[in-house]
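**Q** structure for this input, please:
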Amino acid sequence: AKKTSIQNTPYHSQLFHENIQIPYGGLYRRTTSCTKLNAEQDTMPQSSPPKPSIAIVGSGAVGSYYGARLWEGQNYDVKFHMRGDHYQQSIKGGLNVTSIDGDIYIPPSKLMAYEHTEEIGPVDWVIVALKSSSLEAIPPLILPLLTKTTHVLVIMNGLIEDDLLSMLRDVVSSSSSSSS
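**A** Residues are numbered from 1 along each chain as shown. Below you'll find the predicted structure:
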């Protein structure tokens, strides 16, 4: 991580910028601010910025694995979209991922599981790990999660990128025209 600082007068505010590499090629810039009111006073850091938020849409075997690995590092707020029995079992017993790379258990008290993506709200990243047979369900599921700066990572089998992009454009444009 590369750190830089900027000093301003008369309050001697300092901003520390840290570039953090996000798995799979992304970059997140975290800024921490410290202020000295006079030379004798210690520098007190202000509250740190929120962690990047990630929604896992499709929390089956693949989605749960990647979501649990991201949660494990404690650098992200990972929110899992789950349905039916999987949701009910997870909110009661937590999420358990078994892997040759090491098992992960997210206890119910720390698991952020949601039945509806509207409950999750806008996030920084969306990881879609649904089966390709669910392609048509994706746009309405992820629309409540999106902002102009949200990144979407699709982990699905098959050649679906063009179809999915076309469907997303249609949903976004119809959503924009109905809210005007």
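
**Q** any weak-confidence spans in this protein?
**A** Scanning the chain for pLDDT under 70 picks out 1-46, 157-162, 164, 175-180.

**Q** tell me where it has strands.
**A** For the chain, the strands defined by DSSP state E cover 3-8, 13-22, 26-35, 44-45, 53-57, 77-81, 95-97, 104-106, 112-114, 125-128, 151-154.

**Q** any idea how far G67 is from G73?
**A** Per Cβ to Cβ, to the nearest Å, G73 is found 12 Å from G67. All C-beta spots, glycine's among them, are computed from the backbone N, C-alpha and C.

**Q** the two - which one has more neighbours?
**A** Counted by other Cβ atoms under 10 Å, G73 and G67 do not tie: G67 has more neighbours, with 29 against 9.

**Q** enumerate every residue touching the nearest residue to that one once chain neighbours are set aside.
**A** Leaving aside its sequence neighbours, G67 sits nearest to I56 (Cβ to Cβ, 6 or more residues apart in numbering; 3.9 Å). Residues in contact with I56, defined by Cβ atoms under 8 Å, 6 or more residues apart in numbering, are G63, S64, Y66, G67, V78, K79, F80, H81, I127, A129.

**Q** same question for D170.
**A** By Cβ under 8 Å, 6+ apart, the contact list for D170 reads P139.

**Q** how much space between it and A137?
**A** Using Cβ to Cβ, we find D170 at a distance of 14 Å from A137.

**Q** so what sits opposite the residue nearest to G67 in the bridge?
**A** F80, I127 (DSSP bridges).

**Q** number the residues from 55 up from this point.
**A** OK, 55 is where the count begins now, so the last one is I110.

**Q** quick one, what contacts G147?
**A** By Cβ under 8 Å, 6+ apart, the residues touching G147 are P162.

**Q** rerun at 10 Å
**A** Going by Cβ atoms under 10 Å, 6 or more residues apart in numbering, G147 touches Y159, P161, P162, L165.

**Q** again, but for V111
**A** V111 sits next to 117, 121, 133-136, 171, 174, 180-184, 188, 191-192, 195-196, 199, 206, 208 when contact means Cβ under 10 Å, 6+ apart.

**Q** swap in 6 Å and give it another go.
**A** H135, V182, L195, I196 (Cβ atoms under 6 Å, 6 or more residues apart in numbering).

**Q** the third one against E172, yeah?
**A** No: L195 is beyond contact range of E172, at 9.7 Å (criterion: Cβ atoms under 6 Å).

**Q** what's around T201, how many residues?
**A** T201, neighbours per other Cβ under 10 Å, totals 9.
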